[in-house]
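1. Structure, please.
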Amino acid sequence: MLARMKPILGATLVGTIIGHLGTTTLFYPAMDAVGSGSPFPPLIANDLVASFVYVLIVVLFLDWVVQKAGRPMFNAMVMAGSQILIVDVNYVMIGRRALQPALISVVIILLLFAGAAFTYEKLSD
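-> The predicted model follows:
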């Protein structure tokens, strides 16, 4: 695991930047515009720290999957697609999320996972 710290940390930093910027500049304003603010207090109050912790968990899981099956980008897209189906598609279908914020979320998730996987792959060589 220590030998993979460079790609893990690099992917986490890239994913955190993409996720944090996308969430704070696009997703939150879209949620506020449709009156869908969070009904629950955040577990981690600082958005940047929360983004970092989330992406670190994602990248550690991605690292585990890559060690078992290889193909970082493919596996990252499978993970992204799963998250999109579980959260965005499901939440729109059951009325918990408006369509515009869900579409913005889809783009952010795809960019976050692609950026993290690309960085992971480049730093693994």
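2. ok, now which ones touch the nearest residue in space to residue 55 that is not next to it in sequence?
-> Using C-beta to C-beta, 6 or more residues apart in numbering and skipping residues adjacent in sequence, the residue nearest residue 55 is residue 15, 3.9 Å away. C-beta coordinates here come from the backbone N, C-alpha and C atoms, glycine included. For residue 15, the contact set (C-beta atoms under 8 Å, 6 or more residues apart in numbering) comprises 55, 58-59, 112-113, 115-116, 119.
3. one more time with 10 Å
-> 51-52, 54-56, 58-59, 62, 76, 111-117, 119-120 (C-beta atoms under 10 Å, 6 or more residues apart in numbering).
4. Is it possible to mark the buried ones in those?
-> Using 16 or more other C-beta atoms under 10 Å as the burial test, the contacts of residue 15 include 51-52, 54-56, 58-59, 62, 76, 111-117, 119-120 as buried.
5. What are the phi and psi values at residue 96?
-> The phi and psi torsions at residue 96 (degrees, to the nearest 10) take the values phi -100, psi -10.
6. Alright, calling it a day.
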